[in-house]
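**Student:** build the 3D model from these lines:
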Amino acid sequence: MTAQFLDLWSDLSHTPLLWLTVTLVIYQAATWLYRRARAFPVLNPVLISIITVVALLLATGTPYEDYFDGARFIHFLLGPATVALAIPLHTYLRRVRELALPIAVALPIGALTAILSAVGLGRVLDLPTPVVLSLAPKSVTTPIAMGVAEQIDGVPSLTAVFVILTGILGGIMAPLLLDLLRVRDPSARGFAMGVTSHGIGTARALQMSEEAGAFSGLGMGLNGILTSFLVPLLMRLLGM
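**Tutor:** Predicted coordinates:
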């Protein structure tokens, strides 16, 4: 019976539809758990899904390439999902114009803080230079961060890990920190989460409100553009 099960699993594990289904089921279950726990931050659906999928891959000895053959369908949807953020942003276009000056001030401060704090932490911990360079663009979305890391001689694959960790931690901690600081305005909350926690933070902001999600998407996009210019410049100024 065990041998038959293993043979069946061996056949199914190479079927792209299997891992697509598994990923969707795990995320749906994680979302259900998150809602049942009244949005307890540590039970962030993205975090729980990643841990569960990784554990399942390790337990079954499934290579990442086999998993990605199925997950690539979800990966493809990241592009349209990002573009779709323009819809709520268009709804609040007038609000964006009203807050143009605060946004113009907050954006470079947020971008510089994210970059310099990462580099400073790396230096304090005496991390190797390639690791510090990989850490610098951690607060922007993965494709941009990996491109920046490659440009400054960082390790793109390591940068991708830092980006995911940053997004998850931001999605968990940012709402709590904003509550502690008594930041109530949804536009300010959303923009802060987008600048610091990119796509994962934006997904969390959309759960808070449409306005927060719109401004988070704006912050994510603007920070990605600004960081792609700032990181190479700052690394040269710092002699790295």
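**Student:** tell me the pLDDT at Ala100?
**Tutor:** You'll see Ala100 listed with a pLDDT of 93.
**Student:** my bad, Gly219
**Tutor:** pLDDT at Gly219 comes out at 92.
**Student:** any idea which element it lies in?
**Tutor:** Assigned by DSSP states H and E, Gly219 belongs to helix 210-237.
**Student:** and the next element down the chain from the helix or strand harbouring Thr52?
**Tutor:** Using DSSP H and E, Thr52 sits in helix 45-60. Moving toward the C-terminus from helix 45-60, the next helix or strand (DSSP H and E) is helix 64-84.
**Student:** packing partners for that next one?
**Tutor:** helix 16-36, helix 45-60 (3 or more CB pairs under 8 Å, 6 or more residues apart in numbering; DSSP states H and E). (Glycine included, C-beta is placed from N, CA and C.)
**Student:** enumerate the positions of the shortest one that are buried.
**Tutor:** Within helix 45-60, the residues scored as buried using 16 or more other CB atoms under 10 Å are 45-50, 52-53, 57.
**Student:** ok, now the longest one?
**Tutor:** By neighbour count on 16+ other CB under 10 Å, the buried set for helix 16-36 is 18-20, 22-23, 26-27, 30-31, 34.
**Student:** pLDDT and distance to Ile87 for the residues you listed - can I get that in TSV?
**Tutor:** As requested, the buried residues of helix 16-36 are exported to TSV (pLDDT from 0 to 100; distance: CB to CB, whole Å):
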residue	pLDDT	distance to Ile87
Leu18	78	33
Trp19	80	30
Leu20	81	26
Val22	86	30
Thr23	87	25
Ile26	90	27
Tyr27	89	22
Ala30	89	25
Thr31	88	22
Tyr34	85	24
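**Student:** between these, which sits nearest Ala149?
**Tutor:** Thr23 (25.9 Å; CB to CB).
**Student:** in space, what's closest to that closest one - neighbours in sequence excluded?
**Tutor:** Among residues not flanking Thr23 along the chain, Ala71 sits closest, at 5.7 Å (CB to CB, 6 or more residues apart in numbering).
**Student:** please state the offset of stretch 92-102 from the chain centre?
**Tutor:** 25 Å (CA atoms, centre = their mean, to the nearest Å).
**Student:** again but with stretch 34-53, I slipped
**Tutor:** That offset, for stretch 34-53, works out to 15 Å (CA atoms, centre = their mean).
**Student:** show me how this structure divides into domains.
**Tutor:** 2-84, 86-237 (automatic domain parsing).
**Student:** and those domains, which is most packed in?
**Tutor:** domain 86-237 (a mean of 19; mean count of other CB atoms under 10 Å).
**Student:** and Tyr92, backbone torsions?
**Tutor:** phi -110, psi 30 (degrees, to the nearest 10).
**Student:** so how far is Gln207 from it?
**Tutor:** 17 Å (CB to CB, to the nearest Å).
**Student:** ok, now Thr82?
**Tutor:** 17 Å.
**Student:** likewise Leu116?
**Tutor:** 30 Å.
**Student:** just Val231 next, same as before
**Tutor:** 30 Å.
**Student:** test my guess that Met220 contacts Val195.
**Tutor:** Yes - the pair Met220 / Val195 is scored as a contact, 7.3 Å apart, by CB atoms under 8 Å.
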